[in-house]
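J.: what follows is a predicted protein model with its sequence.
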Amino acid sequence: MRSTGIRAVGRFDAAPDDGCGAEGTDAAPPGVQDARSARRDRSASRPNHTWTHPALTSLTARGVTDELERTRRFLRNDFGVESAPYFRPPFGYRDAAVDRIAADLGYTVPVLWDGSLSDSGVITEKYLMAMARRYLRAQRIVIGHANHAPVTRVFGELQEIVTERRLNMLTLDDYFQRPIARR
Ligand SMILES: [Zn+2]
């Protein structure tokens, strides 16, 4: 799973960090409380990341629709938030057909990323911090999965990088200046 974070797929027009809430459906394991606190945090953007994490480009139109709609319902029911207009295609795989189907469902903003903390699987804090130093830079979208405990032990060190590099952490809504009244 280590390769996950290095799978930087494409660039997203100078978009700044949306450091949290990027994974729409990945479940947090027992002991990681982030999901619960994140659930209460309505200030974060919640892009639709599909239900079963398929390559959307390999699905039929019906398949793409099902993936996005099932996840939309989950985010509405469980988090009380609307994920549109953002969707994050698994692996960064998208094409004109996928974009058109997504847009018809209200997902007009595909979100790609520049790097990842590489923590979709269990990694050491040392490795996670190496990824953080590598990717946490201005104008970047960096994925943090928070699926496992190590990240919870380096929050202070992550904050130090942000402070030292004078970065501002933004949500997608911040960046696109989307009115909060939508909720
Ligand atoms: Zn993913």
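T.: On my side now, so go ahead.

J.: going forward, measure contacts between C-alpha atoms and count neighbours the same way
T.: Fine.

J.: give the contact list for the closest residue in space to V64 that isn't next to it in sequence.
T.: Here the nearest residue to V64 in space, its sequence neighbours aside, is L56; by CA to CA, 6 or more residues apart in numbering that works out to 6.0 Å. Listed by CA atoms under 8 Å, 6 or more residues apart in numbering, the contact partners of L56 are 64, 89-90, 93-94, 98.

J.: roughly how far does L56 sit from F74?
T.: Between L56 and F74 the distance is 19 Å, computed by CA to CA, to the nearest Å.

J.: quick one, strands of this structure?
T.: Using DSSP state E, the strands of the chain run over residues 86-87, 109-110, 115-116, 142-143.

J.: could you verify my assumption that Y135 touches G115?
T.: Yes: the criterion here is CA atoms under 8 Å, and Y135 meets it with G115 at 5.6 Å.

J.: the two: which is more packed in?
T.: In this view Y135 and G115 are compared by other CA atoms under 10 Å, and G115 has more residues nearby, 25 against 19.

J.: so what's that one bridging to?
T.: V142 (DSSP bridges).

J.: now rank the contacts of L56 by neighbours and give me the top one.
T.: For these, neighbours tallied by other CA under 10 Å; top is P89, 23 neighbours.

J.: could you pick out the longest helix of this structure?
T.: Longest helix of the chain, by residue count under DSSP state H: helix 61-74.

J.: got a list of contacts for that one?
T.: Counting by CA under 8 Å, 6+ apart, helix 61-74 makes contact with 24-25, 48-52, 56, 82-83, 98, 101-102, 105, all of which sit outside it.

J.: and these, which are buried?
T.: Of all those considered here, the ones buried according to neighbour count by 16 or more other CA atoms under 10 Å are 24-25, 48-51, 56, 82-83, 98, 101-102.

J.: residues contacting I161?
T.: Taking CA under 8 Å, 6+ apart as the definition, contacts of I161 comprise 133, 136.

J.: recalculate using a threshold of 6 Å.
T.: I161 makes contact with no residue, according to CA atoms under 6 Å, 6 or more residues apart in numbering.

J.: out of the contacts of helix 61-74, name the ones that lie in helices.
T.: In this view, these that belong to helices under DSSP H are 98, 101-102.

J.: give me phi/psi at A84?
T.: Backbone torsions of A84, given as degrees, to the nearest 10, read phi -60, psi 150.

J.: how many neighbours does Y127 have?
T.: Residue crowding around Y127 was assessed by other CA under 10 Å; the count is 15.

J.: and for P85, the neighbour number?
T.: Neighbouring residues of P85 were enumerated by other CA under 10 Å; the total is 20.

J.: nope, E160 is what I meant
T.: Neighbours around E160, by other CA under 10 Å: 12.

J.: sounds good, over and out.
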